[in-house]
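Chemist: any chance you can model this:
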Amino acid sequence: MTKPLLIYHNQLDNDSDIWGRLELFEVEEYPIVRPRERYIAASGLPGFQEWSGQDAKGRGPIPRMDIAEVPCYFVDTKPIHLPSTPGVEGNFYPITPHLIATGRGDFGVHYDANVPGSAGCVVLRNLDAWAAFESRMGDYFKQGVSRIPLLVCYS
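Modeler: Residues are numbered from 1 along each chain as shown. Here you go, the predicted structure:
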């Protein structure tokens, strides 16, 4: 039986391109990892895509696990519906832990419903990719998977 794994990665160089990737893998037994899907995604706002931006509450990207002092994050497969929340305007997949060592928190995965970027959430910009992500999360939820490990990596 395979287990899902999400990896968000981006290059923090503060150029005009804020977009990285959110990748979904299915892991069997090490070292067997099968790529499943790849989504264009971002975390943080333009101008905060740098190493020090990970500390910028409400502006910077989701911090790496060593900064957050967690072995990994987890993404819930059951969304919270937030239709009137600016920037989300739909389903929000919470990322736990809710609050991390830096005092930042309230992270989630959602569609990028307004200006490019986020206040630290991982956002997808393409509607077709968002629909595919939601479908996949729904499939995992139906299979009894309540949360998926998320690794955050920057170069």
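Chemist: please name the nearest non-neighbouring residue to residue 47.
Modeler: Leaving aside its sequence neighbours, residue 47 sits nearest to residue 14 (CB to CB, 6 or more residues apart in numbering; 6.9 Å). To be clear about C-beta, it is placed using only N, CA and C from the backbone, and glycine gets the same treatment.
Chemist: quick one, what contacts that neighbour?
Modeler: Each residue near residue 14 by CB atoms under 8 Å, 6 or more residues apart in numbering is listed here: 47-50, 53.
Chemist: closest to residue 126 out of those residues?
Modeler: residue 49 (19.2 Å; CB to CB).
Chemist: was I right to think residue 43 contacts residue 61?
Modeler: Yes: assessed by CB atoms under 8 Å, residue 43 is found in contact with residue 61 at 3.9 Å.
Chemist: does the closest residue in space to residue 96 that isn't next to it in sequence count as helix, strand or coil?
Modeler: Leaving aside its sequence neighbours, residue 96 sits nearest to residue 74 (CB to CB, 6+ apart; 4.9 Å). Here residue 74 is strand, with the state taken from DSSP: H, G, I helix; E, B strand; the rest coil.
Chemist: got a list of what residue 74 touches?
Modeler: 95-96, 147-150.
Chemist: next, count neighbours for residue 28.
Modeler: Residue 28 has 11 neighbours, counted by other CB atoms under 10 Å.
Chemist: center of the protein, which residue is that?
Modeler: residue 122 (3.5 Å; CA atoms, centre = their mean).
Chemist: from the middle of its chain, how far away would whatever helix or strand residue 130 lives in be?
Modeler: Assessed by DSSP states H and E, residue 130 sits inside helix 127-142. Distance of helix 127-142 from its chain centroid, counting by CA atoms, centre = their mean, to the nearest Å, is 14 Å.
Chemist: helices and strands around that helix, which ones?
Modeler: strand 20-27, strand 33-43, strand 108-111 (3 or more CB pairs under 8 Å, 6 or more residues apart in numbering; DSSP states H and E).
Chemist: cutoff 10 Å now
Modeler: On a contact count with 3 or more CB pairs under 10 Å, 6 or more residues apart in numbering; DSSP states H and E, helix 127-142 meets strand 3-10, strand 20-27, strand 33-43, strand 73-76, strand 90-96, strand 108-111, strand 122-124, strand 147-154.
Chemist: circling back to that earlier point, now which of the contacts of residue 74 would you call buried?
Modeler: Among these, those scoring as buried are 95-96, 147-148, 150 (criterion: 16 or more other CB atoms under 10 Å).
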